[in-house]
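>>> take a look and give me a structure for this.
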Amino acid sequence: MTTQELYDVFCEDLKSRTTWEDRQKVWYTMCNGGLRRKRKPWPNAADLHYPLANSIINKFVPFYINQIYSAENLASFVPRRPQMQNLRLAAETWFNYQLRERSNFETEMQVYVSAMLRCGISFMKVIWDEQTRRVKFDAVNPMYVVVPYWTSSMEECDRLCHVLEMSEAQYRRHTEYKQGDEFIKRIQGKGTSAGAGIRAYNEHKLSKQGITEGTKDDSIIIWECYERTEDGKVMVHTFSPQVPSEPIRESFELPYAHGRIPFVPCVMEFNADKGVYASRGVCETVAAFESALTKTMNAKADAMSLYNAPMFSSDQDIPNVNNIRFGTGVLLPTGVKPVLMPQPPISFDQEMVQMRQVAEYLVSMPDFGLTQGRLGSQKPRTATEIQNIGQLMGVNTDLRIKLFKLSLAEIYQQAYAILVEYAHDQLLIEYQNQFSAVPAEALIMDYMIKPSGSADGVNRVMQYQKALVRFQTLRGDPFVNQPELRRDLLEVDDPHLVSRMLIDPQQKKQMDAEEAGTENLLLDQGFGAVAVEPGDDHEVHVQIHMDRLQLAGQRGQQLAQDSGAAYSNHIQQHLQYLYQTNPNMAKAIAAQIQKASQAEAQQQLVAPQVA
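A predicted model of the protein is given here:
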């Protein structure tokens, strides 16, 4: 399509979502200042707002964010070729470093999640920033992303328009855009009615932030449009709605090898009405309850104003009421008596608690008050009831996290594809408090990428208890990967502990072998005070010491006079520790030592006596 044709079709897309745009202004108001009271019963009456939607969103945001950081690395890589298995961890570490240390991923994810909870959907734009040579993330408010109303997924999206607003100085810094004073003047200003809903939303947003928007004659609106062609390619067109027939830059094919539109939507729910505009956010779900809670709170404040301000009645006429003063020790006229106010017909507090519980059940928020009483009852819940409710909430939470991870996986896949394409030469990373290089052959596209973490992240105590029981049960099991078992326990406690405390088994064996070689220098001189640490790999130490004695015998080397006793005592201490962890291995090594001692009597070694 030409830019003029794209302008026409996106204007139709904007018209089709007018009602949706009007509702978004209401949801924004709920989260920023609240819905105000339409009519007050008297001047200066209370105008309170119950922040129900905000309170639920504030609880949900850390719940979602914790799912991202619940493991050492952001994602798990599953190679499709078995020979790449040994390079998997290197690719995971490199990707984790690029996103956490060299991009704005962490800050934009919080905006991404918050917008999704408020609006029901949000978009993450994943692009490559050539100036900084980093992958760049941009969490975009759904108001500024226009797609056809029938769009249900980005794989089937025919077209997408990203509405950008910038100042003249920002525009001039984009050297790829068409410049010239005359052209810039033509594209400045609010423009025609196209996108009126977006401008109204922007003005409404600024007013809620306490900013009075001016004429904005110097602002520039740019439409960055993505069009999927018949052959599956994605073309990018950039123009201003002020002058849609004149492109701001030449149209070009999206340069990324992954071939996807670089916008990843995240929806709060999937329902029968498919489409990006069908998902409801927290605000829309609990709007009726928030309105009722606000009304009840204001009614309570009105009642308190009436009950706390004394009213009096009199059995006789009072000539001048203005002369009556109320205060400490003041005598009232004859016949004046206070008016006793009746008790409210309902308990405002109890009514508000019940209404809030219904709203929280409706959004399936993780229930942190299971021990509270039943809805509308003062009786505490039974243990069976608490268990069943907890299981139900766990199922709902797990489903919500699965929906979120579908979007997160797409973000990771696009980001990794861009990084492999443009950052394949950035191999130096920081890992375990030191810089190291990642093998270039590890950076391939043949991985299936899955977000790390699980839905149990909402309850860290329960997650740690499960990991601890698993560790205690499977510890030492030869059919279980022991390093991964320890990694799992450390990740639950604190993901940063993995890089600080966990040592690769092969690296641990190498370190123990080097330490045993150093000990041989002391034992050769008959030094018998070489300490044995419980955490040593005792099998490796004994083998290194035995190899040293065998080599000395073959070469006919004369060791110090007390070296035989020193070696014997030191090996005996290692065997005692080894008997506690692996008795069969200790017996086999002891038999080997006994045999070697008999064969090499000239060394005058006393074989360790194994109990």
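
>>> ok, now how distant is the residue nearest to the spatial centre of the chain from residue 397?
Nearest to the mean C-alpha position of the chain, counting by Cα atoms, centre = their mean, stands residue 65 at 2.4 Å. According to Cβ to Cβ, to the nearest Å, residue 65 stands 15 Å off from residue 397. Every residue, glycine included, has its C-beta placed from N, CA and C.

>>> same check on residue 537?
For residue 537 relative to residue 397 (Cβ to Cβ), the value is 42 Å.

>>> least confident secondary structure element in this protein?
helix 496-501 (a mean of 64; mean pLDDT, DSSP states H and E).

>>> what are the ranges of the strands in the chain?
Along the chain, the stretches classed as strands by DSSP state E are 75-79, 121-129, 134-140, 145-146, 159-166, 220-228, 234-240, 243-253, 263-267, 312-314, 336-338, 428-431, 434-437, 447-451.

>>> need these in TSV (columns: mean pLDDT, distance to residue 105 and mean neighbour count).
Putting the strands of the chain into TSV (pLDDT from 0 to 100; distance: least, Cβ to Cβ, whole Å; neighbours: other Cβ atoms under 10 Å) gives the following:
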stretch	mean pLDDT	distance to residue 105	mean neighbour count
strand 75-79	89	11	19
strand 121-129	94	10	21
strand 134-140	95	5	20
strand 145-146	92	19	20
strand 159-166	91	19	19
strand 220-228	92	21	21
strand 234-240	93	23	21
strand 243-253	91	26	15
strand 263-267	93	12	23
strand 312-314	77	67	13
strand 336-338	75	65	12
strand 428-431	76	15	14
strand 434-437	78	21	10
strand 447-451	90	13	19
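
>>> now those strands as TSV including distance to residue 296?
Shown next, in TSV, are the strands of the chain (distance: least, Cβ to Cβ, whole Å):
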stretch	distance to residue 296
strand 75-79	46
strand 121-129	31
strand 134-140	35
strand 145-146	37
strand 159-166	39
strand 220-228	43
strand 234-240	49
strand 243-253	50
strand 263-267	32
strand 312-314	29
strand 336-338	27
strand 428-431	54
strand 434-437	59
strand 447-451	41
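
>>> between those, which gets nearest to residue 410?
strand 263-267 (4.7 Å; Cβ to Cβ).

>>> sheet partners, orientation included, of that closest one?
Paired neighbours of strand 263-267 in the sheet (DSSP bridges): strand 121-129 (antiparallel).

>>> now the partner strand, how far from the centre of its chain.
Taking Cα atoms, centre = their mean, to the nearest Å, the mean C-alpha location of strand 121-129 is offset from the chain mean by 15 Å.

>>> likewise for stretch 129-136?
With Cα atoms, centre = their mean, you get 22 Å for stretch 129-136.

>>> run through who's touching it.
Contacts of stretch 129-136 with the rest of the structure, by Cβ atoms under 8 Å, 6 or more residues apart in numbering, involve 98-99, 102-104, 126-128, 415, 418-419, 422-423, 426.

>>> so residue 24 touches residue 201, yeah?
Yes - with contact defined as Cβ atoms under 8 Å, residue 24 counts as touching residue 201 (6.3 Å).

>>> overlap in contacts of these two?
residue 143.

>>> I'd like to know which of the strands of the chain is closest to residue 528.
Going by Cβ to Cβ, the one of the strands of the chain nearest residue 528 is strand 434-437, 36.5 Å.

>>> that closest one pairs with which strands, parallel or anti?
strand 428-431 (antiparallel).

>>> C-alpha coordinates for the partner strand, CSV please?
The C-alpha coordinates for strand 428-431 follow below in CSV (Å, rounded to 0.1, in the frame of the first residue of the first chain):
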residue,chain,number,x,y,z
LEU,A,428,32.6,-10.8,26.9
ILE,A,429,30.2,-11.1,29.9
GLU,A,430,30.4,-10.8,33.6
TYR,A,431,29.7,-14.1,35.4
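
>>> what comes into contact with that strand?
Counting by Cβ under 8 Å, 6+ apart, 93-94, 97-98, 101, 435-438, 499 sit against strand 428-431.

>>> any low-confidence regions in the stretch 351-500 of the chain?
Under the criterion pLDDT under 70, the flagged ranges of the stretch 351-500 of the chain are 364-395, 431-434, 453-462, 492-500.

>>> in it, which spans are helices?
383-422, 460-474, 482-493, 496-501 (DSSP state H, counting those that start in this stretch).

>>> spit out the contact partners of residue 244.
Residue 244 touches 3-4, 6-7, 223, counting by Cβ under 8 Å, 6+ apart.

>>> from those, which two are the most distant?
Most distant of the contacts of residue 244, by Cβ to Cβ, are 4 and 223, 11.8 Å apart.

>>> for stretch 538-554, buried residues please.
538-546, 548-549, 552-553 (16 or more other Cβ atoms under 10 Å).

>>> how far does that stretch sit from the chain's center?
Between the centre of stretch 538-554 and the centre of its chain there are 51 Å (Cα atoms, centre = their mean).

>>> what lies in contact with it?
Counting by Cβ under 8 Å, 6+ apart, 509, 512-513, 515-517, 519-520, 523-524, 532, 557, 559, 567, 570-571, 574-575, 577-578, 581-582, 585, 589, 592-593, 596, 600, 602-603, 605 sit against stretch 538-554.

>>> one more time with 7 Å
509, 512-513, 516-517, 520, 559, 567, 570-571, 574-575, 577-578, 585, 589, 593, 596, 600, 603 (Cβ atoms under 7 Å, 6 or more residues apart in numbering).

>>> buried only: go through the residues you listed for me.
So, by 16+ other Cβ under 10 Å, the buried ones in these are 512, 516, 520, 559, 567, 570-571, 574-575, 577-578, 589, 593, 596, 603.

>>> narrow those to those in helices?
512, 516, 520, 567, 570-571, 574-575, 577-578, 589, 593, 596 (DSSP state H).
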